[in-house]
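J.: Return a 3D structure for these sequence lines:
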Amino acid sequence: MIRTLALFLTALTAVGMGQPAPARRPVSLLVTNGIVVTVDGSRRVIPRGAVAIDGRDIVAVDEAPAIAARFQGRETIDAGGAVVMPGLVNTHTHAPMVLFRGLADDLALMDWLQKYIFPAEAKTVSPEFVRAGTRLAALEMIESGTTTYADMYYFEEEIARATRAAGLRGVLGQTIIQFPVPDAKTPAEGLARTERFAKEFAADDLITPAVAPHAMYTLDAETLKACRALADRLSIPVIIHLAETKDEVKTADEKYHMTPVAFLESLGFWGPRTLAAHGVHLSPADIGVLATRHVGVSHNPESNMKLASGIAPVEAMRQAGIAVGLGTDGAASNNDLDMFEAMRQAAFLHKLVAADPRAIPAPVALEMATIDGARAMGMDKVIGSLEPGKRADLLIVSMSSARQTPMYDPVSHLVYVTRGDDVRTTIVNGKILMRDRKVLTLDRVKVLADANAFADKVRSAVR
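T.: This next block holds a predicted model:
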């Protein structure tokens with residue numbers, strides 16, 4: 001006891017004599033004084049927390065005084081009164097289709113595709129169209145808090161270049177489809193384009209190339225197998241639409257006497273790093289196959305409701321251990337890319353269908369939009385939560401509006417109250433893409449002007 005007291009007095013004397021405190025580690029950015037919602041394994045919420053970032057990585061997440069004692073930021077953002085959270089992960093969209101937003105609404109999926117979207121794409125889609133549409137989508141995503149998105153479209157190398165320039169993270173799939181499309185007249189040509197695209201962006205820090213066979217009903221068996229073979233050879237992900245409508249299930253049954261999942265299983269198509277979009281009409285056996293093959297699923301509640309495609313068995317998939325993320329689908333069938341809206345609608349939809357208000361509670365909806373989306377794409381070791389060693393993809397979300405007052409539970413507020421335009425600051429890979437609602441990586445005026453110019457061409461094409 002006497003020795004302990006002596007050591008304590010010696011320490012006090014040393015401080016009093018002006019001995020320097022331990023040096024603080026210099027880091028590139030501190031985000032401090034916010035309500036830090038980590039979405040880590042313990043669902044930790046730090047009422048007055050901070051995140052230390054060095055370069056592209058998170059180096060520490062802790063209470064603000066503890067971070068201040070350990071780190072010296074070359075730049076500091078005070079997030080007082082706001083929520084600091086992981087960036088949102090949109091597991092399914094078609095970025096350039098923002099230019100078809102509102103073109104055709106209130107239609108069944110196949111009518112919408114065959115009578116409006118496919119004809120409009122044939123007349124308007126070009127590399128220039130894709131660049132303009134991707135920049136508009138990137139602007140919307142940055143402004144509404146999406147930091148990573150999965151895409152399927154044409155001229156995917158153009159999407160990748162625009163995405164990287166905007167500073168977003170993307171898992172971007174070059175679409176393969178059986179009939180002639182703007183960037184490939186045959187599936188073989190599409191596969192060759194995919195290989196060139198994958199090689200251009202191999203080991204890119206922001207872009208993960210993927211092969212994206214459109215769906216089992218728009219491709220033959222040999223092309224589907226070729227897509228899997230290419231993905232395996234290049235070690236890239238696969239993205240595919242799956243069991244989105246009853247018509248797709250009917251087609252699979254009539255042609256193959258199997259469900260879409262079973263047919264693809266018979267081809268040896270399923271494997272890790274495969275992302276299936278929708279999964280609306282799945283049998284228990286289908287869910288078992290997807291779980292066994294470690295396939296991730298993207299749940300798109302707004303698009304599925306708007307097109308009346310059905311309600312995906314999300315609770316059953318989650319209970320089977322499938323990683324289920326959230327997606328918006330393309331803005332032509334949603335009609336926005338706001339992942340906060342996707343969270344809210346997912347939670348509401350599954351409470352209704354289960355007749356149970358406990359279904360998809362707020363913490364689960366938030367995880368589906370962040371860490372579970374990352375898991376679905378095989379990226380949960382890198383993104384999806386605020387933890388040391390992960391990439392610094394995070395948001396600062398204002399909680400100061402009348403709509404958000406008072407706030408008792410920040411996680412509940414993020415899911416049930418917050419909208420995309422509450423996001424104040426968006427950071428990806430440690431780089432600030434938007435600060436205080438001003439996007440720094442895109443010329444907003446030019447992006448909107450270019451989009452409106454292409455809208456005139458779309459109007460002319462569908463008259």
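J.: From here on, just use CA atoms for contacts and neighbour counts.
T.: OK.
J.: give the contact list for the closest residue to Val37 other than its chain neighbours.
T.: Nearest residue to Val37, sequence neighbours excluded (CA to CA, 6 or more residues apart in numbering): Val45, at 4.6 Å. Going by CA atoms under 8 Å, 6 or more residues apart in numbering, Val45 touches 35-38.
J.: Which of these fall in strands?
T.: 35-37 (DSSP state E).
J.: For those residues, give me TSV that also has pLDDT, distance to Ile207 and neighbour count.
T.: Shown next, in TSV, are the ones in strands among the contacts of Val45 (pLDDT from 0 to 100; distance: CA to CA, whole Å; neighbours: other CA atoms under 10 Å):
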residue	pLDDT	distance to Ile207	neighbour count
Ile35	98	30	25
Val36	98	27	29
Val37	98	26	21
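J.: Quick one: those as a markdown table, columns for distance to Ser460 too.
T.: Shown next, in a markdown table, are these (distance: CA to CA, whole Å):
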| residue | distance to Ser460 |
| --- | --- |
| Ile35 | 49 |
| Val36 | 49 |
| Val37 | 47 |
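J.: Of the contacts of Val45, which is the nearest to Phe155?
T.: Phe155 lies nearest to Thr38 out of the contacts of Val45, by CA to CA, at 35.9 Å.
J.: Got phi/psi on that closest one?
T.: phi -80, psi -30 (degrees, to the nearest 10).
J.: burial measure for it, as a count.
T.: 23 (other CA atoms under 10 Å).
J.: pLDDT value on the nearest residue to it once chain neighbours are set aside, please?
T.: Counting by CA to CA, 6+ apart, Thr38 lies nearest to Leu386, which is 4.7 Å off, once chain neighbours are set aside. As predicted, Leu386 sits at a pLDDT of 98.
J.: Can you name the residues that contact Leu386?
T.: 37-40, 58, 61, 85-86, 392, 394.
J.: Distance to Ala165 for the residues you listed - can I get that in CSV?
T.: Shown next, in CSV, are those (distance: CA to CA, whole Å):
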residue, distance to Ala165
Val37, 28
Thr38, 27
Val39, 28
Asp40, 29
Ile58, 22
Val61, 28
Met85, 23
Pro86, 21
Ala392, 17
Leu394, 18
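J.: Any of those buried? List them.
T.: Restricting these to buried positions leaves 37-39, 58, 61, 85-86, 392, 394, with burial counted as 16 or more other CA atoms under 10 Å.
J.: Find the helix or strand that Gln72 is a member of.
T.: Applying DSSP states H and E as the criterion places Gln72 in strand 71-73.
J.: Which elements pack onto that strand?
T.: Under the contact criterion of 3 or more CA pairs under 8 Å, 6 or more residues apart in numbering; DSSP states H and E, strand 71-73 touches strand 25-27, strand 29-37.
J.: try 7 Å this time
T.: strand 25-27 (3 or more CA pairs under 7 Å, 6 or more residues apart in numbering; DSSP states H and E).
J.: low-confidence ranges in the stretch 51-200 of the chain?
T.: Within the stretch 51-200 of the chain, no stretch has pLDDT under 70.
J.: Could I get the full set of helices for the stretch 201-350 of the chain?
T.: 221-234, 246-256, 260-266, 284-292, 301-306, 314-319, 339-354 (DSSP state H, counting those that start in this stretch).
J.: Check the stretch 351-463 of the chain too.
T.: 362-368, 371-376, 410-416, 444-461.
J.: which parts of stretch 208-224 are buried?
T.: Residues of stretch 208-224 classed as buried: 208-217, 219, 223-224 (neighbour count, 16+ other CA under 10 Å).
J.: Please disregard the earlier target; I meant stretch 316-336.
T.: Buried, per 16+ other CA under 10 Å, within stretch 316-336: 317, 321-336.
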